[in-house]
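Asker: All I have is the shape, not the residue letters:
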DNA sequence: CTGAACTTACCACTGAGCGGGATTTGCTGG
DNA sequence: CCAGCAAATCCCGCTCAGTGGTAAGTTCAG
């Protein structure tokens, strides 16, 4: 960029993308200065870029001049194939699972060393879940995470252990040995569990969904009150996951 | 940009955003050259920018080297408040409406002079709908569109008429007079209809949802077989829309 | 009214971005 | 195995678009 650049080597593109990254669930509306601080980009530059993003629709401008993520960005993002087909095809199965259990149903795919929640179905009788569509869950402390670990390449387990296993709740698994053992169990039964390992008071069950190529595609699971017997719900989850795997295969045939 | 620019005056930011725009439902995976053609950006430049987008996760690279919209972009887009709260809060009401009617349920917000579909609920018994979450519908040929016209600022009607009323199906309203009359009807009854005006064989009903400030927030509707009597379904749609409006107000109080 | 915080505008400097063209890679048919 | 071709990748010299300090304008609480 111009000779004035405080941090040469950083591309305009990366600055733009960084400006999008500063928005989070907790901070969905930010002032210009807040955006500048969080992105470590000078205010003047932030101003110019934010305005371009807003003109295009990636950001929206509120009457009080704050910025937030715009509908246009959501619209383009909704084209992302990795979530789109899974969401569309999984809906009926998730709905069935919800009808059968009345618990929070969630489906997530691996992204980096986390699970990205792609769709949820929940009602008012279910435990209020902090998770939301577009949210991320850790691999070592959730049922969907353990399932993902069990059916992804072994390198993922190595990476996860290397990054450390943060203690998120009293019962979080924090030793690699225990995690590996748990994941081994998941691999053989195709069912993963987590007992208050992420949030006190909440347990979860999950089962793998496989794509048409036979490879792991997603983890489908339930989040329930810790007092609920998750093993009782496991067969339902397993059934739904198998049904969805079959649906993916059917749809793939139909397409070609 | 550099002195080599073929089209001076076009900013790097706008080029980047244009590269995202080239992806559509019909073209969700594109090669580098296709992206360059559609965006009218030279291949070398497209290459450099696409690579930066892919590094960050806005685009993904397939084994066959084609590009597609990435999960990271979807993730950030899912933060867009204008769709997020509406989606989360409307789900139960849309589900109820689906349970009661077994028809395609959709909710959309105004974006520019179109309706952006923000959420859908549909089953296999409903008419296969071409609409999808993230899709757009015209204002003059759909029930949700007419509702949007009826409860937005008058300028929107003027704009819509000025842009012309394309004939999308045999029964599409193509004269401003007829459209204004229909919209007037919608305003007084808080119910909008469309009879095979967008797609032959499909009709729709919709009703407005109002935000806590009393202003129009979204249009909630059904898409059904043309043979179905939409007036019979209208009360259910109206009830759901009222319920959702109340929910929005309730949630707004809760928040502050 | 005063002042602090935020937003918008200005502008001189210069290296980041541009893109034509060469090279490499990948694929197809012989 | 090897041309032949298209797509992808890389190279590099040119230069103006982007940068950001600074200043002026705006908003708002007290």
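Answerer: Structure's in. What do you need? Quick caveat, the model's predicted, so the values are computed rather than measured. Numbers count the residues shown, from 1 in each chain, chains lettered A, B, ... in the order given.

Asker: which regions of the stretch 1-150 of chain A lie under the pLDDT threshold?
Answerer: Residues of the stretch 1-150 of chain A that meet the criterion pLDDT under 70 lie in A:1-3, A:8-9.

Asker: hey, where'd the helices end up in it?
Answerer: Remark: helices assigned in the stretch 1-150 of chain A by DSSP state H, counting those that start in this stretch are A:12-21, A:32-39, A:43-56, A:71-77, A:81-101, A:143-151.

Asker: okay but residue A:15 is in contact with residue A:40, surely?
Answerer: No - counting by CB atoms under 8 Å, residue A:15 does not reach residue A:40; the two are 9.7 Å apart. For glycine as for every other residue, the C-beta is placed from the backbone atoms N, C-alpha and C.

Asker: ok, those two, which is more surrounded?
Answerer: Using other CB atoms under 10 Å in any protein chain shown as the criterion, residue A:15 and residue A:40 rank with residue A:15 on top: 19 against 13.

Asker: give the contact list for the more buried one.
Answerer: A:39, A:41, A:45, A:49 (CB atoms under 8 Å, 6 or more residues apart in numbering or on different chains).

Asker: filter those by proximity to chain B?
Answerer: Near chain B, taking CB under 8 Å from any CB of the partner chain as the test, the members of these found are residue A:49.

Asker: Return only those of the contacts of residue A:15 found close to DNA strand D.
Answerer: Applying CB under 7 Å from any atom of the strand to the contacts of residue A:15, one finds that A:41, A:45, A:49 fall near DNA strand D.

Asker: what about the closest residue to the first one other than its chain neighbours, distance to DNA strand C?
Answerer: By the measure of CB to CB, 6 or more residues apart in numbering or on different chains, the closest residue to residue A:41 outside its immediate chain neighbours is residue A:15, 5.8 Å from it. Note on residue A:15: its distance to DNA strand C, by CB to the nearest atom of the strand, to the nearest Å, is 8 Å.

Asker: cool, and residue A:193?
Answerer: Residue A:193 sits 42 Å away from DNA strand C, taking CB to the nearest atom of the strand as the criterion.

Asker: burial of that residue, as a residue count?
Answerer: When neighbours are counted by other CB under 10 Å, residue A:193 registers 21.

Asker: again, but for residue A:229
Answerer: The tally of other residues near residue A:229 (other CB under 10 Å) stands at 9.

Asker: Let me know the distance separating it from residue A:235.
Answerer: Using CB to CB, to the nearest Å, we find residue A:229 at a distance of 12 Å from residue A:235.

Asker: Next, residue A:178: phi, psi?
Answerer: Per-residue torsions, residue A:178: phi -60, psi -40 (degrees, to the nearest 10).

Asker: do residue A:174 as well
Answerer: Dihedral angles (degrees, to the nearest 10) for residue A:174: phi -120, psi 0.

Asker: Any idea how many residues pack against it?
Answerer: By other CB under 10 Å, neighbour count at residue A:174 equals 15.

Asker: List the contacts of the closest residue to it other than its chain neighbours.
Answerer: With sequence-adjacent residues excluded and distances taken as CB to CB, 6+ apart, residue A:174 is closest to residue A:165, at 4.7 Å. By CB under 8 Å, 6+ apart, the contact list for residue A:165 reads A:140, A:141, A:172, A:173, A:174, A:175, A:176, A:179.

Asker: Walking through the stretch 51-200 of chain A, point out its strands one by one.
Answerer: Along the stretch 51-200 of chain A, counting by DSSP state E, counting those that start in this stretch, strands occupy A:59-61, A:67-69, A:104-111, A:114-121, A:136-138, A:192-195.

Asker: I figured residue A:11 hits residue B:52, correct?
Answerer: Yes - Residue A:11 is within contact range of residue B:52, at 6.3 Å (criterion: CB under 8 Å).

Asker: of the two, who's got more company?
Answerer: residue B:52 (19 against 13).

Asker: quick one: contacts for that one?
Answerer: With CB under 8 Å, 6+ apart, residue B:52 has these contacts: A:11, A:13, A:14, A:17, B:16.

Asker: cool, and residue A:233?
Answerer: By CB under 8 Å, 6+ apart, the residues touching residue A:233 are A:101, A:103, A:205, A:222, A:224.

Asker: Which one of the residues you listed is nearest to residue A:152?
Answerer: Of all the contacts of residue A:233, residue A:152 sits closest to residue A:205, with 18.7 Å by CB to CB.

Asker: sec struct for that closest one, please.
Answerer: Three-state call for residue A:205 (DSSP: H, G, I helix; E, B strand; the rest coil): strand.

Asker: Next to DNA strand D, which bits of chain A? Give me the list.
Answerer: Contacts of chain A with DNA strand D, taken as CB under 7 Å from any atom of the strand, map to A:1-7, A:12, A:15, A:41-45, A:48-49, A:64.

Asker: make it 6 Å
Answerer: Neighbours of DNA strand D within chain A, by CB under 6 Å from any atom of the strand: A:1-7, A:12, A:15, A:41-42, A:44-45, A:48-49.

Asker: I'd like the distance between residue A:238 and residue A:10.
Answerer: Residue A:238 is 48 Å from residue A:10, by CB to CB.

Asker: More neighbours: those two, which one.
Answerer: residue A:238 (18 against 14).

Asker: which non-adjacent residue is nearest residue A:36?
Answerer: residue A:46 (4.0 Å).

Asker: Show me what from the stretch 51-200 of chain A comes close to DNA strand C.
Answerer: Those residues of the stretch 51-200 of chain A that sit near DNA strand C, judged by CB under 6 Å from any atom of the strand, are residue A:65.

Asker: OK, now which residue of the stretch 51-200 of chain A is nearest to DNA strand D?
Answerer: When scored by CB to the nearest atom of the strand, the stretch 51-200 of chain A has residue A:64 as its residue closest to DNA strand D, at 6.3 Å.

Asker: And for that residue, the neighbour number?
Answerer: Neighbourhood size, residue A:64 [other CB under 10 Å]: 7.

Asker: Phi, psi for it please.
Answerer: Dihedral angles for residue A:64 - degrees, to the nearest 10 - are phi -80, psi 10.

Asker: What's the separation between it and residue A:31?
Answerer: Distance, residue A:64 to residue A:31, using CB to CB: 9 Å.

Asker: Equivalent analysis for residue A:43, please.
Answerer: Residue A:43 is 10 Å from residue A:31, by CB to CB.

Asker: Domain boundaries for chain A, per the record?
Answerer: Domain assignment for chain A, taken from automatic domain parsing, gives A:12-76, A:81-255.

Asker: list the contacts for residue A:160?
Answerer: Contact analysis of residue A:160 by CB under 8 Å, 6+ apart lists A:113, A:139, A:140, A:149, A:179.

Asker: and the stretch 51-200 of chain A, which of its residues are near chain B?
Answerer: The stretch 51-200 of chain A comes close to chain B at residues A:52-53, A:56, A:58, A:60, A:68-84, A:87-88, A:92, A:109, A:111, A:116, A:123-124, A:132-134, A:136, as judged by CB under 8 Å from any CB.

Asker: Among those residues, name the buried ones.
Answerer: A:52-53, A:56, A:58, A:60, A:68-84, A:87, A:92, A:109, A:111, A:116, A:132-134, A:136 (16 or more other CB atoms under 10 Å in any protein chain shown).

Asker: sorry, back to before: selecting buried members of the residues of chain A next to DNA strand D in PyMOL, what would you type?
Answerer: To isolate the buried members of these in PyMOL, using 16+ other CB under 10 Å:
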select buried, chain A and resi 12+15+41+45+49
